[in-house]
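Novice: sequence and predicted structure below; questions after.
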Amino acid sequence: MLLPLCLMMLGLWERERGAEDWAAFAAEGRQLDRIVADLEARVPKDGRIDWSMQFRRNGQLYGGPLALDQARAARNEVATLTTVMEWRRLLPPVVIVGGAIAAALSILVLLAGTLLGQVGRTSRDALVRGFSLMRRVIPTALSAQILAATAGFVAAVTFEAGMLVQTGFSAGALKLLGLAVVVVGGAVVVAGSTVLGLRRALSAFEPDSLPILGRVVTAAEAPGLWRLTEALADRLGALKPDAVVVGLGGGFFVSAGPAELEPGGERLEGRILYLPLPYLALMRVDETATILAHELAHYAGGDTAYSQRFLPIYAGVGRSLDAVAAGHHGSFSLLGPSLRLGVFVMERFHLAVRHWSRAREFAADAAGAGATSAEAAARALLRTGAVQPRIAETLDAAAQAPDSAPADLVAAVLDRVAAQGLDDPGAHLESEQPHPTDTHPTTRDRVAALGRAIDANLIAAAAARPPSDAPGQLAAYFADPAGLCRAATADFLAAVRAQDAAFRAHLEATAAEIEADEKVLHENRRPQAIVFVTAGILFGVAALALALFGLPGLSPQEARIVAAVALVCGVALGGPGLYRLRDGERVIMALRPEGLHVPGLDRAIAWDDIADLDMTLDRLTMVTRLLLPPEVAVPQRIPGGRGIKLDPKRRIVTLKHGLPRKMKPQDFADLIGRYRDAAQARRILAETAARPVPHESQVA
C-alpha cells in the first residue's frame, strides 16, 4: 500500500506545482504582451531607428528593431510554454487517481483475503468457494492495479519531464528527456506483458496425471488385501477404491484424479489406493489395518474430492503470481505492491488450508484407531518412521547399481532389517508422513491427538524387529507374493534404468553441444573504430573548411583557433580509431573442452576449477569474474594480456573486454554456460564409467 499512497501524494504535490508553474508563465506572458505593445507604440513612423527601445533576453541587451523582434520571440516562446504548462496541469490528476485506485484495490483485496481466509476456517466448502472467488478476482484486481499504477507513474514521469522545457533543450536536458522516454517505455512494456500474463492465468486448468511407480493388483491377485479393504470401507461407510496399486517406494496414500503408472504408462481414473509392499511385509496386521482405515477415511470425508477441487484453484492463483513475478525485476518496483498483495492472499488461504489439512489428518487417524485401537494406530505411526530408513537404504543402493540389484527388493529390505534392526522411532517424532499431494502434521502431534502417551513401551513395540516369518506375511494379502515382489522389483529397476538412460542421454547431448576444436573469441572493435575514424574525418573536414573559408561572424584569427581545435579533436578521435583498425580484433579468450585460455595468463583455467562465475555489462565492456576454489592455484600474469585483474587473496580473476564478434551479452553468457555444462557432463560420465559395481551381497 505504501507505494500507491506515495504515488498519490506525489500527484497532490505535482498538482500544486503545476498550478504554480502555469500561473507564473501566464503572468510572464501578460507582462510580455504589455512590453511588446509598448515597444510597438514607440516605433518611429518615419522609419528611423530608435535606439532607446531596449529589451533584455537571456542576459543579452537588444536595442532598436532587434528589441521588438526579441520581445515578440520571447512572448511567443512564453505563450508556447504557457500552453505546455496548461496541458501539464492535466497530468497530476492522473497520478492521483492512479495511486488512489491502486491503493484502494490493495485495501479491498487485503480485506477480502483476510475475511475469506477466516471464513474458510469454518468449513472446507467455504474455503473452496472463497478461494475460487479469489482465483477469479485476483487476476482482474492485479491487472487493474498494475494499469492504474503504471498510468500514474507514466503521468508523474511525464510531468517531471515537462520541467525540462522551462530551461531549454540543452545537452543535459536532452539526456534526461531520453532517460524519461526509456523509463516510460519500459514501464508500459512490462505492465502490458504482465497484464497479458494475468489474462492467461484465468484460462482453464487441467491437472496433470499423478505419476505412480507401481502396478494394479486385482481381487484375484490380492484376495486377502481386497477383502480387508472392502471390510474396512463398509465399516467406515467409505467409498471403495476403484483400483489398488502396489509398488516399492513412497508411503500409503489415496487419490481421486487421473494417474499414470510407471514404467508401463497405464492410465487410471477414479479412486486409487496405493500400498508400498515393503511396509506391508514389515508392519503388523493391526498396524496395516489402521493405515488402510486411515486412507479410506479420506474417501468417507470427501478429502480426495476436496483436493481435486482445490488443485485447479491453487494452480490458477499460482500462475497469476508467476505472471507478476516474471516482470517484477524490470518494472521499476511498480509491480511490487501487486506481487506482495498476491502473496499475502495466498498466505491467508495457506493458513486455512493448513488448518483443514491438520484437521482431516487427525480425523482420519481417529477413524483408523476406531477400526482397530489407539494402541495400534500410535504404533503404526511410530513404526512407519522406524521402517522408512531401511527401505530407503535398500532402494537407494539398488538405484545406484540396478544391474547387480537383487531380483526381490522386498526380501532385500527384510534382510537388511534383520541385520541392522529398525531406526529409533523417537528420532522421527518431528517428521511428517510422505504424501504426493498433501501435507501432514508431525508424528508427535498425531500420536498425541490419539490420546496415547509416547512411552518406552510404545517405542519398544514400534522398534521391534519383525518375526522370522515376516516374508510369509504377504501371503495373507496376495495370491503370489513372491512373484508380485519380483514383478514390482522389475518395475522399479526398469524405471531406474529408464531414468539413468534419460539422464545419460542428456549428459551426452550436453557434452556434444560444444566443439572439440578450440573456439577463439575476438573482441568486436571494428564498429567502434569506424565510428572514431568517421568522427575524426568529420572534424578534419570541418577544420579544413574553417581554415579555407572561415565562418560568418568569426574573425580570421577566431576561425583559425576553432579550426585548430577541430583538427585536434579529429586527431584525438581518428588516431585511436586507425590504430584499432590496424591492430585488428584482438583475441579475448580461447574456449576449449577442458578449460578457458586467456591471453596474459600463464595457464588455462579448467572449467571444473571455476567455483562460481558472474558477468556484467558496463557500458560496452563485459566484466567476467571467476571465483577459484582454495585448492586451485591462482594463475599468474604474463605479457600479452589486457584487462586482467588478479585478486589472489579473494581468489578472483577478473576479465574486462569488449563483446565478442557477432555476439550479444546473453549469447556470450550462454556460450560460457554451455562449455561449463559440457565439462560437468563429461566429468559425471567419466565418474559413472569408473564407478565400481557393488556385489549383490553388498546391495542386499
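Specialist: Perfect, thanks for sending it.
Novice: switch to C-alpha atoms for all contacts and neighbour counts from now on
Specialist: OK.
Novice: quick check: what element follows the helix ranked longest in the chain along the chain?
Specialist: Taking DSSP state H as the criterion, the chain has its longest helix at helix 2-42. If you walk from helix 2-42 toward the C-terminus, the next helix or strand you reach (DSSP states H and E) is strand 54-57.
Novice: and the contacts of that following strand?
Specialist: Under the contact criterion CA atoms under 8 Å, 6 or more residues apart in numbering, strand 54-57 has outside partners 61, 62, 63, 64, 67, 68, 70, 71, 74.
Novice: stretch 361-374 - what's its average pLDDT?
Specialist: Throughout stretch 361-374, pLDDT has a mean value of 86.
Novice: output the below-cut-off pLDDT ranges for the stretch 551-700 of the chain.
Specialist: For the stretch 551-700 of the chain, residues meeting the criterion pLDDT under 70 lie at 551-555, 580-585, 619-620, 690-700.
Novice: and the chain, what are its domains?
Specialist: Residue ranges for the domains of the chain, per automatic domain parsing: 2-201, 210-301+349-502, 525-583, 588-690.
Novice: off-centre distance for the longest helix of the chain?
Specialist: Here the centre of helix 2-42 is set off from its chain's centre by 46 Å, with CA atoms, centre = their mean, to the nearest Å.
Novice: check which helices and strands that helix sits against.
Specialist: Packing partners of helix 2-42 (3 or more CA pairs under 8 Å, 6 or more residues apart in numbering; DSSP states H and E): helix 65-88, helix 91-119, helix 124-161.
Novice: now render those helices as TSV, adding mean pLDDT.
Specialist: Shown next, in TSV, are the helices and strands packed on helix 2-42 (pLDDT from 0 to 100):
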stretch	mean pLDDT
helix 65-88	84
helix 91-119	81
helix 124-161	75
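Novice: compare the ones you listed and give me the one nearest residue 400.
Specialist: helix 124-161 (43.4 Å; CA to CA).
Novice: relative to helix 91-119, how tilted is the closest one?
Specialist: 160 degrees (axes from the mean of the first three to the mean of the last three CA atoms, to 10 degrees).
Novice: could you pull out the buried residues of helix 124-161?
Specialist: By neighbour count with 16 or more other CA atoms under 10 Å, helix 124-161 contains the buried residues 124, 126-132, 134-135, 138-161.
Novice: again with stretch 565-584
Specialist: 566-575, 577-578, 580-581.
Novice: quick one on the thing from earlier: want to throw the domains of the chain into a markdown table with distance to residue 509?
Specialist: Formatted as a markdown table, those follow (distance: least, CA to CA, whole Å):
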| stretch | distance to residue 509 |
| --- | --- |
| domain 2-201 | 33 |
| domain 210-301+349-502 | 10 |
| domain 525-583 | 34 |
| domain 588-690 | 9 |
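Novice: wait, which of those is closest to residue 516?
Specialist: That would be domain 588-690 among these, by CA to CA, at 6.3 Å.
Novice: starting at the chain centroid, how far to the closest one?
Specialist: 26 Å.
Novice: how close does the residue nearest to residue 84 when sequence neighbours are not counted get to residue 18?
Specialist: Spatially, and ignoring its direct neighbours in sequence, residue 84 is nearest to residue 162 (7.9 Å; CA to CA, 6 or more residues apart in numbering). Distance of residue 162 to residue 18, given as CA to CA, to the nearest Å: 10 Å.
Novice: more neighbours: those two, which one.
Specialist: residue 18 (24 against 17; other CA atoms under 10 Å).
Novice: surely that one meets residue 84?
Specialist: No. Residue 18 lies out of contact with residue 84 (CA atoms under 8 Å); the separation is 10.5 Å.
Novice: tell me which stretches of the stretch 151-300 of the chain form helices.
Specialist: Secondary structure of the stretch 151-300 of the chain (DSSP state H, counting those that start in this stretch): helices at 171-201, 223-236, 277-282, 285-300.
Novice: which other residues reach the last one?
Specialist: Yep, that's helix 285-300 we're talking about. 228-229, 232-233, 236-240, 252-254, 273, 280, 304-305, 360, 364-369, 371-373, 376-377, 379-380.
Novice: strands - which of those land there?
Specialist: 253, 254, 273 (DSSP state E).
Novice: export those residues to a markdown table and tack on neighbour count and distance to residue 632?
Specialist: Shown next, in a markdown table, are those (neighbours: other CA atoms under 10 Å; distance: CA to CA, whole Å):
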| residue | neighbour count | distance to residue 632 |
| --- | --- | --- |
| 253 | 21 | 49 |
| 254 | 25 | 52 |
| 273 | 21 | 54 |
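Novice: so can I have CSV of these showing pLDDT and distance to residue 107?
Specialist: Formatted as CSV, those follow (pLDDT from 0 to 100; distance: CA to CA, whole Å):
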residue, pLDDT, distance to residue 107
253, 87, 41
254, 83, 40
273, 92, 45
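Novice: would JSON lines of the residues you listed with distance to residue 676 be doable?
Specialist: Output for the ones in strands among the contacts of helix 285-300, formatted as JSON lines (distance: CA to CA, whole Å):
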{"residue": "253", "distance to residue 676": "41"}
{"residue": "254", "distance to residue 676": "43"}
{"residue": "273", "distance to residue 676": "45"}
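Novice: now stretch 229-237: buried residues?
Specialist: For stretch 229-237, by 16+ other CA under 10 Å, it's 229, 230, 232, 233, 236.
Novice: that older thread, of the contacts of helix 285-300, buried ones?
Specialist: Looks like the contacts of helix 285-300 have 229, 232-233, 236, 238-240, 252-254, 273, 280, 304, 360, 364-369, 371-373, 376-377, 379-380 buried, using 16+ other CA under 10 Å.
Novice: residue contacts, residue 72?
Specialist: Going by CA under 8 Å, 6+ apart, residue 72 touches 32, 36.
Novice: distance check, it against residue 27.
Specialist: Relative to residue 27, and taking CA to CA, residue 72 is found at 16 Å.
Novice: got any ranges where the stretch 251-400 of the chain has weak pLDDT?
Specialist: Across the stretch 251-400 of the chain (using pLDDT under 70), the flagged ranges come out as 300-357.
Novice: please redo it, this time with the cut-off set to 80
Specialist: Applying pLDDT under 80 to the stretch 251-400 of the chain picks out residues 256-257, 298-360.
Novice: now swap in the stretch 401-550 of the chain and tell me
Specialist: Using pLDDT under 80, the stretch 401-550 of the chain drops low at 430-441, 467-472, 515-517, 523-533, 546-550.
Novice: now the residue of the chain most remote from its centre. Its backbone dihedrals?
Specialist: Residue farthest from the centre of the chain, counting by CA atoms, centre = their mean, is residue 46 at 80.4 Å. Backbone geometry at residue 46, expressed as degrees, to the nearest 10, gives phi -90, psi 10.
Novice: report the separation between it and residue 71.
Specialist: 21 Å.
Novice: again with residue 52
Specialist: 14 Å.
Novice: with residue 79 instead?
Specialist: For residue 79, the distance to residue 71 - CA to CA - is 12 Å.
Novice: more neighbours, the two?
Specialist: residue 71 (23 against 19).
Novice: without its sequence neighbours, what residue ends up closest to that one?
Specialist: Closest to residue 71 by CA to CA, 6+ apart is residue 36, at 6.0 Å.
Novice: now for the one you found: which residues touch it?
Specialist: 68, 71, 72, 75.
Novice: next one: residue 22
Specialist: 82, 85, 86, 89.
Novice: could you do residue 407 as well?
Specialist: 486, 489, 490.
Novice: give me the number of residues near the second one?
Specialist: Neighbourhood size, residue 489 [other CA under 10 Å]: 23.
Novice: need the contact list for it.
Specialist: Here residue 489 is in contact with 248, 407, 408, 409, 410 (criterion: CA under 8 Å, 6+ apart).
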